[in-house]
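Trainee: model the following, please.
(one chain, ligands or ions: 2)
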Amino acid sequence: MKKLFLLGFAALWLFACTKQQLPEANYDIIPQPKEVRLDDGKPFELSPKTIVYYEAGLQREAEFLSEYVDNIIGYGLATEEMQGNETVGIVLRLSPADFKQAEAYEINVTPKQVTVKSADAAGVFYGIQTLRKSLPVSPIDSSQLNSLHRKCSAFDGVNDMGGCQLPCGTIRDWPSFAYRGMHLDPCRHFMDLDSVKIYLDMMAMHNMNQFHFHLSEDQGWRIEIKKYPELTEIGAYRNGTVIGHNGNLYDTIRHGGYYTQDELRDLIAYAAERHINIIPEIDLPGHMQAALACYPHLGCTGGPYEVWRRWGVSDDVLCAGNEEAMQFAEDVLNEVMDVFPSPYIHIGGDECPKVRWEKCPKCQAKIKELGIKKDDKFSAEDYLQSYVMNRMAKVVEARGRRVIGWDEILEGNVSETAIIMSWRGTEGGIEAARKGHDVIMAPYSHLYFDYYQSEDIANEPMCIGGYLPVERVYEFEPLPEELTPEQQQHIIGVQANIWTEYIASFRHVQYMALPRMEALTEIQWNNPQERDFEAFVERCKKMREFYELYHYNYADHIFNPRIWADTVAPNLATRKPITLRQQPAEKYTYEGAILLNDGNLGRGAYNSGRWLGFCGYPLDAVIDLEQPAEIQHVRFHALTNKGAWIYNPSQAKVLVSNNGENFREVAQKDIPISTWADKDGIFAYELDFEPITSRFVEVVISGFDLPEDHSGFGNPAWIFVDEIEVW
Ligand code: ACM
Ligand code: ZN
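Mentor: Ligands and ions are numbered 1, 2, ... in the order given. Modelled structure (predicted):
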């Protein structure tokens, strides 16, 4: 009796506590909604009894919401088509008259009802994403966190409190950019369809609506084309892959794979349910070596060609003077358009070397036939590429679609209807917008997610190079000040790219994407005028709970900032007047010469802002110690990244002077060239000499030319140097 009473009491007590402790939804999410107004009043209580009522056309949206609640809270919600007078539950509605802009939505939360409405299903879907991200996921147990090198944790983020409360209020939200894209390259490393679907899920959670699917490359062809079956029989597989950063060692593992047209149709439907359009890219007329391996007569030399086993840009491209090659490209585009309903078709146009065309009789005959003349801006071969791109644009436009091309297609006379994807910076986008093109901003400076996201590169999986932390993505301003408001209207969107030369698995793709996608969506959807990185990182912490819930791999640098020593001991050179006899390359100058003796050690990748870069001429620095001092050591650091054309210095010299005019050499060091068997990284170089008293110290550091076994043979190598110490 007593026992029963106690049990009953305990149950009541538990019930009361559960009621009190129902976790609350929080609308402070990513991307941050443009307007959130909270009202006083009792919150809406989400429970297993909550029903999702949907207007005709919104059934799938209702099902998504139910699935998300199941993922987060542990039960799905019943879904029912609306009768029109529901006063409780969650209601999904279409209400075109209430919205001026596509994809905009409004969420209204009252004690009895949550209404999500929009002019279109996409807007309702984004409202649902906002509700989903507001829901309380169970906090992470940090001992269970996953990382790239560990197996996925068994994290169960399900909130097992039985429900949650949604604070009353109204959220109004709309996208800043109509085009919100992510790109994936499944050519350098093949990504299976299940992985691509997860990528689409990740995009959907971030309100992204354009998936740029890069389907052809030198290293592999990935889409079935029925008229040209060898493209996938032969072109989808390479017989090995270069090891490391384009060295001279190869593995012998056959690598490849492709998507059948049926599989792609299934993928397109999967994306469409998530309001994502898939933009196929056939990269023309360069990056075609895998196709040439199947059909060598379509290249200028006739081959033979192999599906490329190296990274980089192949000189072998489609022969623009060969009518069969042009017909091939047109046929491929037509079949691609049979499969993909996308209003945009990407026809590439980047990185097309002209060395074959310059020597090819057919290409030269075509230049004559078309009456192409070089001018002081562009070569005849540049204009020949415009001929190819404009011809392909006509094929695409004949079917009511629009072409997208990389910004190189501005080199020549591309038609104004082409949309320009600005990747080599924002300059191409600015020029294009001024000329009346629509533009998608995807500059590598801010939006290439294949770059390192930490300066501690020794502890990162190998990357192509670069340095692009979340902060830098978050800083990106897609609407350049140089443009007038009318010209800015041409910036239709923002996209990040993931190239996979050094990304062999989908878990690694996720690691590169997350959490940088948070900063990207914040810009694409919200594009805040004022940016507050710290507040943004706080909101990222919630997103991390979703990564754990869905077992997404991610980089944790912003969650666990690491502090490491990066200064040198004060020495005679520290912060003394320093001059350079020749300036560094403009892109790698930053604060200029003072970087070399500001006490901060070079670190991270070559473009971390902590290195000065020189190419083709030596670094020649003169430091004024301000008074004569006895010296006998000079030390500096330099970076080696052979794949990025950065070699160790070939020679260093120290000269001294007391008047700053007449210098005398006191030390010289010759340094052997780094070979592919040697590690890349950051290395210290030291010169010791007989003690000498002097006021001015000149340090001259020279570079190599790229050696024969380097793809850039014949060009000067870069040197990247920092922190000259003297004592
Ligand atoms: C590119 O990154 N080659 C467009
Ligand atoms: Zn040719």
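Trainee: from now on I want contacts and neighbour counts done on CA atoms only, so please keep to that.
Mentor: OK.
Trainee: can you name the residue of the stretch 601-727 of the chain nearest ligand 2?
Mentor: Nearest residue of the stretch 601-727 of the chain to ligand 2: S711, at 22.2 Å (CA to the ion).
Trainee: what's the nearest residue to R401 if we skip its chain neighbours?
Mentor: For R401, ignoring the flanking residues on the chain, the nearest one in space by CA to CA, 6 or more residues apart in numbering is P343 at 4.8 Å.
Trainee: now N600
Mentor: Closest to N600 by CA to CA, 6+ apart is T567, at 4.4 Å.
Trainee: so the one you found touches L596, yeah?
Mentor: No - counting by CA atoms under 8 Å, T567 sits too far from L596 to count as a contact (11.9 Å).
Trainee: quick check: the gap between the closest residue to ligand 1 within the stretch 301-450 of the chain and E586.
Mentor: Closest approach of the stretch 301-450 of the chain to ligand 1 (CA to the nearest ligand atom) occurs at D350, with a separation of 5.5 Å. In this view, D350 and E586 are 23 Å apart by CA to CA, to the nearest Å.
Trainee: same check, this time on M512
Mentor: Taken as CA to CA, the span from M512 to E586 is 28 Å.
Trainee: doesn't I282 make contact with the residue of the stretch 301-450 of the chain closest to ligand 1?
Mentor: No - counting by CA under 8 Å, D350 does not reach I282; the two are 11.2 Å apart.
Trainee: where exactly do the helices run in the stretch 501-650 of the chain?
Mentor: Remark: helices assigned in the stretch 501-650 of the chain by DSSP state H, counting those that start in this stretch are 506-513, 516-521, 533-549.
Trainee: who's in contact with F636?
Mentor: Listed by CA atoms under 8 Å, 6 or more residues apart in numbering, the contact set of F636 reads 684-686, 721-725.
Trainee: any stretches of the stretch 551-700 of the chain with poor pLDDT?
Mentor: 562, 564-565 (pLDDT under 70).
Trainee: tell me which element V403 is part of?
Mentor: Under the criterion of DSSP states H and E, V403 resides in strand 402-406.
Trainee: give the next helix or strand downstream of that strand.
Mentor: strand 419-422.
Trainee: just the buried positions in the next helix or strand after that next one, please.
Mentor: Next in sequence after strand 419-422, counting helices and strands by DSSP H and E, comes helix 427-435. Residues 427-434 are the ones in helix 427-435 that count as buried (16 or more other CA atoms under 10 Å).
Trainee: one step back: chain center to the strand holding V403, what's the gap?
Mentor: 19 Å (CA atoms, centre = their mean, to the nearest Å).
Trainee: so which elements touch that strand?
Mentor: Helices and strands touching strand 402-406, by 3 or more CA pairs under 8 Å, 6 or more residues apart in numbering; DSSP states H and E, are strand 344-348, helix 380-397, strand 419-422.
Trainee: so for R472, which of those sits nearest?
Mentor: For the helices and strands packed on strand 402-406, distance to R472 was read as CA to CA. The smallest value, 17.3 Å, belongs to strand 419-422.
Trainee: tell me if the closest one is near ligand 1.
Mentor: No - counting by CA under 6 Å from any ligand atom, ligand 1 has no neighbours in strand 419-422; the shortest distance is 8.3 Å.
Trainee: which elements pack onto that strand?
Mentor: Against strand 419-422 (3+ CA pairs under 8 Å, 6+ apart) you get strand 402-406, helix 427-435, strand 439-441.
Trainee: who touches the residue lying closest to N607 once chain neighbours are set aside in this structure?
Mentor: Distances taken as CA to CA, 6+ apart place G466 nearest to N607, at 5.8 Å, with adjacent residues excluded. G466 makes contacts with 451-452, 605-608, as judged by CA under 8 Å, 6+ apart.
Trainee: go with 7 Å
Mentor: 451-452, 605-607 (CA atoms under 7 Å, 6 or more residues apart in numbering).
Trainee: one more: W499?
Mentor: Counting by CA under 7 Å, 6+ apart, W499 has contacts 184-185, 450.
Trainee: can you pick the most crowded of the residues you listed?
Mentor: D450 (27 neighbours; other CA atoms under 10 Å).
Trainee: returning to that earlier point: for the helices and strands packed on strand 402-406, give me JSON lines that also has mean neighbour count.
Mentor: Below are the helices and strands packed on strand 402-406 laid out as JSON lines (neighbours: other CA atoms under 10 Å):
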{"stretch": "strand 344-348", "mean neighbour count": "25"}
{"stretch": "helix 380-397", "mean neighbour count": "21"}
{"stretch": "strand 419-422", "mean neighbour count": "28"}
